[in-house]
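1. Quick one: sequence plus predicted model below, questions after.
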Amino acid sequence: MGAVVGTLTMQTKTRRLSRDKTDDDLEVTMVCHRPEGLDQLEAQTKFNKRELQVLYRGFKNECPSGVVNEETFKQIYSQFFPHGGKSVCFHFLLLPADASTYAHYLFNAFDTAHSGSIKFEDFVNALSILLRGSITEKLQWTFNLYDINRDGYINKEEMTDIVRAIYDMMGKYTYPVLKNDAPKQHVEAFFQKMDKNRDGVVTLDEFILSCQEDENIMRSLQLFENVI
């Protein structure tokens with residue numbers, strides 16, 4: 001557990017000692033947003049109260065205002081991920097390179113209310129799905145990540161944008177180095193496999209069915225189940 005949540009700074013420890021029931025109630029002074037009650041979050045997620053307390057300490061340490069806008073999200077992502085996942089908030093999505101473009105799409109997937117900011121509730125609900133959700137729940141969340149314009153379908157351009165962002169992060173860290181047209185080739189092959197009825201778009205049902213047929217994808221979905 002300690003490896004997940006990191007180490008609190010001395011300033012945070014001192015501040016916490018002066019507050020009553022802060023951790024138990026998931027409340028913090030001098031913030032812009034106060035999260036929902038602990039019981040409500042426990043009912044909404046697959047985390048128990050103690051786990052939620054630990055996650056919240058990490059979240060407020062990285063995000064003391066209680067909310068994260070896109071720029072802050074990108075800064076946290078780029079600052080901590082290349083150094084071994086030190087970020088308490090986002091280390092489960094560890095990627096080893098410049099993550100600015102991918103972080104933009106990831107931010108939009110976390111921001112389910114389209115508010116331009118991520119609250120602790122947004123973070124912990126997504127984390128619950130990614131770490132402890134069913135296969136279907138994880139695939140639904142991933143579909144929403146790829147469905148950039150949120151119209152309920154994934155088109156080839158959307159898939160290419162996401163895959164290119166991933167290749168931009170990973171390409172120079174692979175051997176042999178990936179070719180510039182690798183994202184396009186990857187999308188062409190996978191889109192052809194997913195678009196079962198050949199109508200030019202991938203539905204949620206098509207996406208789930210295709211992913212369930214791919215052993216590599218299914219293995220990757222189990223990767224973080226024991227992180228917390």
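-> Okay, I see it.
2. Please make it C-alpha for all contacts and neighbour counts, starting now.
-> Noted.
3. does residue 41 really touch residue 122, like I thought?
-> No. With contact defined as CA atoms under 8 Å, residue 41 does not count as touching residue 122 (10.5 Å).
4. Those two: which has the busier surroundings?
-> Neighbours per residue, other CA atoms under 10 Å: of residue 41 and residue 122, the larger number sits with residue 41, 20 against 17.
5. Helices of the protein, start to end?
-> Remark: helices assigned in the chain by DSSP state H are 2-5, 10-17, 22-25, 38-44, 49-62, 70-80, 100-110, 120-132, 135-146, 156-170, 182-194, 204-212, 215-221.
6. who are the neighbours in contact with residue 201?
-> For residue 201, the contacting residues are 153, 154, 155, 156, 195, taking CA atoms under 8 Å, 6 or more residues apart in numbering as the criterion.
7. Excluding covalently adjacent residues, which one is nearest to the third one?
-> Closest residue to residue 155 apart from its sequence neighbours, by CA to CA, 6 or more residues apart in numbering: residue 201 at 4.7 Å.
8. how much space is there between that neighbour and residue 207?
-> 10 Å (CA to CA, to the nearest Å).
9. ok, now residue 189?
-> 14 Å.
10. Tell me which of these two has more neighbours.
-> With neighbours defined as other CA under 10 Å, residue 189 and residue 207 compare such that residue 207 has more, 21 against 10.
11. excluding its backbone neighbours, what's nearest residue 100?
-> Leaving out its chain neighbours, residue 100 is closest to residue 74 (CA to CA, 6+ apart), at 5.8 Å.
12. and the one you found, how many residues sit next to it?
-> Under the neighbour criterion other CA under 10 Å, residue 74 is assigned a count of 20.
13. follow-up on the earlier one: turn the contacts of residue 201 into a markdown table, including distance to residue 56, neighbour count and pLDDT.
-> Supplementary listing: those in a markdown table, determined by distance: CA to CA, whole Å; neighbours: other CA atoms under 10 Å; pLDDT from 0 to 100:
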| residue | distance to residue 56 | neighbour count | pLDDT |
| --- | --- | --- | --- |
| 153 | 34 | 20 | 97 |
| 154 | 33 | 24 | 97 |
| 155 | 36 | 20 | 97 |
| 156 | 38 | 18 | 95 |
| 195 | 40 | 19 | 95 |
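14. Out of these, list just those in strands.
-> When strands are assigned by DSSP state E, the members of these inside them are 154, 155.
15. Quickly name whichever of the contacts of residue 201 is closest to residue 211.
-> Using CA to CA, residue 195 comes nearest to residue 211 of the contacts of residue 201, at 11.8 Å.
16. Tell me who's in contact with the nearest residue to residue 196 once chain neighbours are set aside.
-> Counting by CA to CA, 6+ apart, the nearest residue to residue 196 once its immediate chain neighbours are dropped is residue 206, at 6.6 Å. If you count contacts by CA under 8 Å, 6+ apart, residue 206 has them with 194, 195, 196.
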